[in-house]
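Visitor: From the sequence below, what's the structure:
(one chain, ligands or ions: 2)
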Amino acid sequence: MLSPSWGVVSPASAEEIRESVRAAGVVGAGGAGFPTHVKLQAQVEIFLINAAECEPMLKVDQQLMPQQAERLVRGVLYGMRATGATQGIIALKEKYHAAIDALAPILPPQIRLHILPDVYPAGDEVITIWLATGRRVPPAALPTSVGVVVNNVQTVLNIARAVEQHYPVTRRTLTINGAVRQPLTVTVPLGISLREVLALAGGATVDDPGFINGGPMMGGLIASLDTPVTKTTGGLLVLPKSHPLIARRMQDDKTVLTIARTVCEHCRLCTDLCPRHIIGHELSPHLLVRAVNYQNVATPSTLLSALTCSECNVCESVACPVGISPMRVNRLLKAELRASGARYEGPLREADEMARYRLIPVKRLITKLGLNDWYQDAPLKALDVEPSQVVLPLRQHIGATAVPSVKQGERVTRGQCIADVPQGALGVPLHASIDGVISSVTDHAITVVRG
Ligand code: SF4
Ligand code: SF4
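Guide: Residues are numbered from 1 along each chain as shown. Ligands and ions are numbered 1, 2, ... in the order given. As a prediction, the model looks like this:
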């Protein structure tokens, strides 16, 4: 099929699209790394692109969309063909002017833009679906239960490359922001260390920096800058170790529970602002904090509802006036519940009439998080990034660990498959991200040295 606007669209069938996507090792780039070819097996009505990027310091999707608008549209068409979807929606924010200007003129009739308010967490997929379609995903259910499949921008670009060029996932685009000399957004080979990524931004500007993988709300603390970039690395946020966003992440579980026990005022602000609660989920963080403080005051259903927490961090970083982290309390409860094989089943209740107004304006969020001094643009730069070696973890996806198919001393080329999951297992293959020689193969990772 030829279109003057989107270029040539491959005639690949739904099955061929899924196989190309699997062979290219595509996983959900915005989340935990769920294999995309499995997601594309669902048959739904709407193929939704989550382009909200509502974590304040991250600037990837909003810059990739204008740069690769036609590829994005073609990727949406492939996703729609694979899932049988009749509607494609790209949900993005009004402030992404360049993306809107690039996309709006080239959209085919079956794809539309949906303009999201500039609030957090517009990018939590349950909230994105609600804002973009009016449909509410029931607690503990998948988006497919309301006829929707959600993918993020980098994933859809990878789908298009996989279908059209059989181009495997060997690169990741990420933002390096915060206390760095030259904040930027850059595409790097998978397996490069975060230390080298930090150097691309000119290094830290503070003496005692702490590091977050991803955004200030949902990103996790980075224990070592030797950690390699993977298919799901969210970004590199640098802040002084004394910054509350780092300090709170460094609190151990015992401290978190002690604070929850001593100071909860039962004001229930955490519940009133919980994005899941306001759209009709049972999840009520103030009841879960109470449950861990006073044994046996919660019903089994209340306790199990901890499993439906998205860990969006609103309750900890925005709502609670006394420094409690209901999110961390939930995380501890979740670990216990999952270990016992528990599952949550509960109804979808009425949504809060004021729900839309309870989401957090991003400008307010930046101030609340103490990020005004660190908030800066991070322009997309095309750099030749050529690390001398890459370390490629065998598990960059949900499912089975990939099994190496190469040996130490073997020469490999960029894009060559070096590990794959056993036939029929959930997972995707892994590819060399640089030309070089395999210097080590362990149970966890394959190292390639350039040369
Ligand atoms: S982290 Fe807190 S606010 Fe977010 S979903 Fe969980 S309980 Fe609700
Ligand atoms: S917001 Fe804080 S003090 Fe208020 S109920 Fe929730 S945990 Fe307790």
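Visitor: how many neighbours does Ala12 have?
Guide: 17 (other C-beta atoms under 10 Å). All C-beta spots, glycine's among them, are computed from the backbone N, C-alpha and C.
Visitor: Run a quick neighbour tally on the residue nearest to it when sequence neighbours are not counted.
Guide: Ranked by C-beta to C-beta, 6 or more residues apart in numbering and with sequence neighbours excluded, the top spatial neighbour of Ala12 is Val163, at 5.4 Å. Counted with other C-beta under 10 Å, residues neighbouring Val163 total 27.
Visitor: what's the helix or strand for Val163?
Guide: Here Val163 sits within helix 153-165, counting by DSSP states H and E.
Visitor: where do the helices sit along the stretch 51-200 of the chain?
Guide: 61-67, 69-83, 97-103, 125-133, 153-165, 194-200 (DSSP state H, counting those that start in this stretch).
Visitor: quick revisit: got the angle between the helix holding Val163 and helix 69-83?
Guide: Here helix 153-165 runs at an angle of 80 degrees relative to helix 69-83 (axes from the mean of the first three to the mean of the last three C-alpha atoms, to 10 degrees).
Visitor: circling back: and the residue nearest to Ala12, how far is that from Arg18?
Guide: 10 Å (C-beta to C-beta, to the nearest Å).
Visitor: Just list whatever residues bridge to Ala391.
Guide: Not quite, residue 391 is Val, not Ala. Counting by DSSP bridges, Val391 forms beta bridges with Thr447.
Visitor: do you know how far it is from ligand 2?
Guide: 40 Å (C-beta to the nearest ligand atom, to the nearest Å).
Visitor: which residues sit in contact with the nearest residue to Gln376 once chain neighbours are set aside?
Guide: Computed as C-beta to C-beta, 6+ apart, the closest residue to Gln376 that is not its neighbour in sequence is Pro183, at 5.0 Å. Applying C-beta atoms under 8 Å, 6 or more residues apart in numbering, we find Pro183 in contact with Thr175, Ile176, Asn177, Ala201, Gln376, Asp377, Ala378.
Visitor: Show the model's pLDDT score for whichever residue of the stretch 151-300 of the chain sits closest to ligand 1.
Guide: With distances taken as C-beta to the nearest ligand atom, the stretch 151-300 of the chain approaches ligand 1 most closely at Cys274, which sits 3.3 Å away. pLDDT recorded at Cys274 is 98.
Visitor: shouldn't it be in contact with Val318?
Guide: No. The pair Cys274 / Val318 is not scored as a contact, 10.3 Å apart, by C-beta atoms under 8 Å.
Visitor: Low-confidence regions, the stretch 1-150 of the chain specifically.
Guide: Across the stretch 1-150 of the chain, the ranges flagged by pLDDT under 70 are 1-6.
Visitor: What are the boundaries of the strands in it?
Guide: For the stretch 1-150 of the chain, the strands defined by DSSP state E, counting those that start in this stretch cover 2-3, 7-8, 46-51, 87-93, 111-116, 119-120, 148-152.
Visitor: buried ones in stretch 301-310?
Guide: Thr302, Leu303, Leu304, Ser305, Ala306, Leu307, Thr308, Cys309, Ser310 (16 or more other C-beta atoms under 10 Å).
Visitor: Quickly check: that stretch near ligand 1 or not.
Guide: Yes. Against ligand 1, stretch 301-310 shows contacts by C-beta under 6 Å from any ligand atom at Cys309, Ser310.
Visitor: Give the rounded mean pLDDT of that stretch.
Guide: 94.
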